[in-house]
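# When you get a sec, could you give me coordinates for this:
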Amino acid sequence: METIEITKTGVGINDPFERVIFDAARSSGSATEAYSIEVSGQGQLTGLSYTVPAHAEGRIKAKLQISAMSSEDVQKLNNLAMGMLDASAQTQVKEFEKTAASANLSVWTWFFGGGGASASYEKTKESMLSKGLTEAQITTLMDAFLELAKKMSTVEINFYINNSANPYSVSGDLYLYTVSGTIKTEKGTAQYRMLADSASAGGPPPSGGGAPASGVIKLN
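From the prediction side, this is the model:
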């Protein structure tokens with residue numbers, strides 16, 4: 001079976017929502033701790049439109065112009081956050097992940113209500129507390145978040161499109177769930193961005209379109 005290799009550079013992302021202005025003093029009421037979710041939702045990768053011929057497979061490799069956490073660092077944060085939840089809450093996250101577009105970022109979208117949105121420090125902290133985290137656990141999570149956010153760098157993706165069963169070519173775009181914002185602790189301040197390890201291919205979400213697409217996206 002023919003496999004089409006599609007390699008792109010200079011790929012960006014259109015965030016799904018207008019960014020909010022982060023003001024640590026106003027958002028937290030504290031000089032030492034703040035956390036904002038500025039974007040949470042499906043963002044379209046720009047400069048990455050593809051076409052895969054009939055009865056063929058496509059492998060898309062691309063270097064993104066934006067900085068993001070690596071898949072490994074996101075997993076470290078996921079493990080830390082999940083370890084803070086009780087068994088019931090962990091089950092809720094796993095069930096939510098089965099139907100959520102946010103894939104490996106599901107613990108974070110679950111924390112913040114499950115929908116695409118932007119939120120202030122007060123709202124995000126209130127949501128974390130309502131899910132069972134303590135003040136001390138939130139501080140520990142934020143400190144870890146800050147350290148990994150400082151390590152962000154440009155990333156590459158590798159994505160598979162299966163058009164083997166279709167007698168026609170397919171074209172489309174890729175959409176990745178993104179969570180980004182600002183983190184501030186007494187140890188410093190940093191912007192962060194996390195990208196999901198799976199994508200929606202074809203037309204814009206939620207309808208999608210084009211050929212079935214699968215495969216884990218690893219952000220190096």
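
# Now Gln44: phi and psi?
Note on Gln44: its backbone torsions stand at phi -90, psi 130 [degrees, to the nearest 10].

# try Ser70
Dihedral angles (degrees, to the nearest 10) for Ser70: phi -70, psi 160.

# same deal with Met82?
Main-chain dihedrals, Met82, degrees, to the nearest 10: phi -60, psi -40.

# contacting residues for Leu85?
For Leu85, the contacting residues are Val93, Lys131, Gly132, Leu133, by CB atoms under 8 Å, 6 or more residues apart in numbering. For the C-beta atoms, the positions are set from N, CA and C on the backbone; glycine is no exception.

# For Glu156, state which of those is nearest.
Relative to Glu156, the closest of the contacts of Leu85 is Val93; by CB to CB it sits at 27.7 Å.

# Just the local confidence number for the closest one, please.
In this model, Val93 is scored at 90, pLDDT.

# burial count for it?
20 (other CB atoms under 10 Å).

# ok, it to Arg59 distance?
Distance of Val93 to Arg59, computed by CB to CB, to the nearest Å: 31 Å.

# for Val170, same thing?
14 Å.

# the more surrounded of these two?
Taking other CB under 10 Å, Val170 and Arg59 do not tie; Val170 has more neighbours (22 against 15).

# Who does that one form a beta bridge with?
Val52 (DSSP bridges).

# wait, doesn't it sit right on Gly202?
Yes. Counting by CB atoms under 8 Å, Gly202 is a contact partner of Val170 at 7.4 Å.

# residues near the nearest residue to Glu2 once chain neighbours are set aside, how many?
Once flanking residues are discounted, Glu2 sits nearest to Ala56: 4.3 Å by CB to CB, 6 or more residues apart in numbering. Counted with other CB under 10 Å, the neighbours of Ala56 add up to 18.

# From Ser164, how far off is Ala56?
Ala56 sits 7 Å away from Ser164, going by CB to CB.

# just for the chain, where's the confidence low?
1, 16-33, 112-121, 203-220 (pLDDT under 70).

# Checking the most far-flung residue of it relative to its centre next. Helix, strand or coil?
In the chain, Pro167 marks the outermost C-alpha relative to the chain mean, sitting 33.2 Å out by CA atoms, centre = their mean. Classification of Pro167 by DSSP: H, G, I helix; E, B strand; the rest coil places it in coil.

# Excluding chain neighbours, what is closest to it?
Leaving out its chain neighbours, the residue that sits closest to Pro167 by CB to CB, 6+ apart is Ala54, at 5.2 Å.

# what's the answer for Phe145, then?
Closest to Phe145 by CB to CB, 6+ apart is Ile183, at 5.0 Å.

# ok, now Gln92?
Spatial nearest neighbour of Gln92, chain neighbours left out: Trp110 (6.8 Å); criterion: CB to CB, 6+ apart.

# count of neighbours near Glu2?
Using other CB under 10 Å, Glu2 has 12 other residues around it.

# about what we covered before: may I see the contacts of Leu85 arranged in TSV, with distance to Ala196 and secondary structure as well?
Formatted as TSV, the contacts of Leu85 follow (distance: CB to CB, whole Å; DSSP: H, G, I helix; E, B strand; the rest coil):
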residue	distance to Ala196	secondary structure
Val93	15	helix
Lys131	20	coil
Gly132	24	coil
Leu133	22	coil
